[in-house]
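[1] Need the 3D shape of this:
(one chain, ligands or ions: 1)
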Amino acid sequence: MKYFLAIIGGGPAGYTAAEKASKQGKQVVLFEQNALGGTCLNVGCIPTKTLLYSAKQYYNAVHADKYGVKAEGVTFDYTKIAQRKNKVVRKLVAGIKQKLNNECCTVVTGVAEVVSRTDEQVIIACNGEQYEAENLLICTGSSNFVPPIPGVKDNEAVWDSTQALAAQTLPASMIIVGGGVIGMEFATLYHELGVPVTVIEAMPAILPNLDQDVVAILREKYEKAGIRIMTDTKVMSLDGNKVTAQPAEGDAITLEAEHILISVGRRANMQGLEALTDMEINRGIVVNDMMQTNLKNVYAAGDVTGKIMLAHVASRQAEVAVGHMLKRIPVQRIAYNAIPSVVYTNPEIASVGMLEKDLADIPHEVRKMPMTFSGRFVAENEGETGLCKMIVDTKHNTVLGVHMIGNPCSEFVAAASFAVRMGYTVEEFEQVVFPHPTVSEILKEIL
Ligand code: NAD
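    Below you'll find the predicted structure:
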């Protein structure tokens with residue numbers, strides 16, 4: 001059979017594309033070497049959030065007295081926490097299987113490799129069989145980057161995020177190299193469960209790609225709580241469980257912990273694509289707004305494009321790619337200016353749109369409001385501070401960006417995304433009614 005579409009990779013990009021195209025009656029074959037769901041479901045977003053939820057339950061119980069509740073002798077069982085995480089993952093993977101269970105969709109478990117390609121067809125090999133398709137969508141994702149720091153390779157004390165998630169017991173202490181999204185989420189997990197944590201970040205700030213007014217609130221809270229955060233500090237070498245780091249000023253220092261988590265970014269997975277010798281690559285597979293590569297009938301979506309490594313970007317990219325293959329009119333594009341992102345620290349950080357530092361050429365106004373202007377926030381966040389920051393284009397009076405810290409801002413950042421995506425003016429956004437009392441009302445208060 002000649003398939004309409006062959007997809008390599010069954011993560012959020014791959015399974016979304018398979019579902020969308022097969023539901024339109026197109027024959028689809030999807031290849032996945034591991035479990036469906038990709039990094040996000042198996043070794044990324046979902047297991048991390050599940051572990052973080054257990055940690056938050058424990059942390060809140062320990063600190064319940066600030067709400068007038070006495071909880072004595074609170075303990076946790078990490079093995080049980082890890083088992084529950086596995087159960088959640090299994091359940092969601094089964095859900096994806098169910099979604100793809102239609103007569104137009106074939107799922108093949110195995111390592112796929114592109115054999116050859118012309119403008120009319122692509123041949124893929126998997127498990128000793130060959131498959132022919134009109135179109136190829138590459139959704140092979142990304143892997144943890146192993147930095148060329150002496151002592152990192154073949155070091156049993158070193159974990160990447162996948163190993164940290166697989167552990168059945170908690171480390172006694174942890175050094176985290178890289179204070180980005182993965183680093184700060186794991187710092188939250190371990191700290192809330194009582195593990196001493198040190199974060200070493202090469203840049204002058206943790207979470208350097210986020211709004212720094214927001215990040216400063218997190219850093220202050222975490223440092224007060226006892227997380228050691230060293231910025232502007234480069235890790236020079238590892239020797240077993242010892243880390244030698246060089247701060248921008250002063251002498252090198254050596255630190256020690258039971259485990260060292262390396263979270264310094266991820267890189268596109270290009271294995272199995274070697275036959276596509278003419279495909280343009282730059283940090284990832286180069287694609288246009290419709291997710292087309294420079295090769296007719298070859299598309300790419302998700303982390304492998306090296307654009308924004310987020311599951312929700314991957315699934316939207318996949319929708320755009322399938323829309324283009326199906327010649328949908330009007331042509332869909334992905335609105336990269338309105339991609340929300342969340343860091344699941346405690347408090348959470350959520351943002352969408354442009355950063356103040358990128359707006360030098362655009363006339364704008366920055367509005368800031370403490371989260372304590374929300375009644376619901378005050379009721380549920382004893383002793384916590386938070387911030388909502390909105391950036392407004394003063395020429396067009398539209399919302400360019402919103403950056404927040406405070407629970408549960410991840411749950412309503414989508415409202416801000418909507419405003420940015422649709423180019424709402426402040427007056428238009430003001431007409432939206434927000435339920436009271438919710439923390440989301442901060443978006444209305446700040447207008
Ligand atoms: P990242 O790019 O977010 O952070 C890596 C950090 O490591 C950077 O701050 C960088 O300056 C620092 N760094 C690099 N080399 C270093 C060194 N030698 N010593 C010290 N610091 C060093 O990457 P990540 O945290 O590994 O995450 C990978 C990807 O996964 C990101 O694109 C991220 O957005 C995504 N992710 C998203 C979520 C979420 O949406 N909540 C969660 C986890 C991961």
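[2] Contact distance from the ligand - what residues of this structure qualify?
    147, 177-183, 185, 200-203, 208, 234-235, 263-266, 309-310, 341-344 (Cβ under 6 Å from any ligand atom). C-beta: built from backbone N, CA, C; applies to glycine.
[3] Given the helix or strand containing Ile123, what are its sheet partners and their directions?
    Assigned by DSSP states H and E, Ile123 belongs to strand 122-126. Next to strand 122-126 in the sheet, as set by DSSP bridges, lie strand 112-117 (antiparallel), strand 129-138 (antiparallel).
[4] Return the most buried member of those.
    Of the strands paired with strand 122-126, the one with the most neighbours on average (mean count of other Cβ atoms under 10 Å) is strand 129-138, at a mean of 20.
[5] before we move on, the earlier item: can you show me the CA trace of the strand holding Ile123 as CSV?
    C-alpha atoms of strand 122-126 as CSV (Å, rounded to 0.1, in the frame of the first residue of the first chain):
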residue,chain,number,x,y,z
VAL,A,122,9.5,8.4,0.3
ILE,A,123,10.6,4.9,1.3
ILE,A,124,11.1,4.1,4.9
ALA,A,125,12.5,0.8,6.4
CYS,A,126,11.5,-0.5,9.7
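[6] Quick one: residues in contact with it.
    With contact meaning Cβ atoms under 8 Å, 6 or more residues apart in numbering, strand 122-126 is reached by 6, 8, 29, 31, 108, 110-117, 130-136, 297-298.
[7] now it: mean pLDDT?
    Mean per-residue pLDDT for strand 122-126: 98.
[8] again with stretch 20-36
    97.
[9] Skipping its backbone neighbours, what lies nearest the residue in the stretch 301-447 of the chain that the ligand sits nearest to in space?
    Proximity of the stretch 301-447 of the chain to the ligand (Cβ to the nearest ligand atom) peaks at Met309, 3.3 Å away. Excluding its sequence neighbours, the residue lying closest to Met309 (Cβ to Cβ, 6 or more residues apart in numbering) is Asp303, at 4.6 Å.
[10] so where do the strands sit in the stretch 201-350 of the chain?
    Ranges of strands in the stretch 201-350 of the chain, per DSSP state E, counting those that start in this stretch, are 228-230, 233-239, 242-247, 253-256, 259-262, 266-268, 298-300, 341-343, 349-353.
[11] just those strands: most buried one?
    strand 298-300 (a mean of 28).
[12] how long is stretch 244-259 end to end?
    Stretch 244-259 has its terminal residues 14 Å apart, counting by Cα to Cα, to the nearest Å.
[13] That one: how far from the chain's middle?
    Here the centre of mass of C-alpha atoms in stretch 244-259, compared against the chain's by Cα atoms, centre = their mean, to the nearest Å, lies 28 Å away.
[14] what about the residue of the stretch 101-250 of the chain found nearest the ligand, how many neighbours?
    Closest contact between the stretch 101-250 of the chain and the ligand, by Cβ to the nearest ligand atom, is at Gly180 (1.8 Å). Other residues near Gly180 number 21, with proximity taken as other Cβ atoms under 10 Å.
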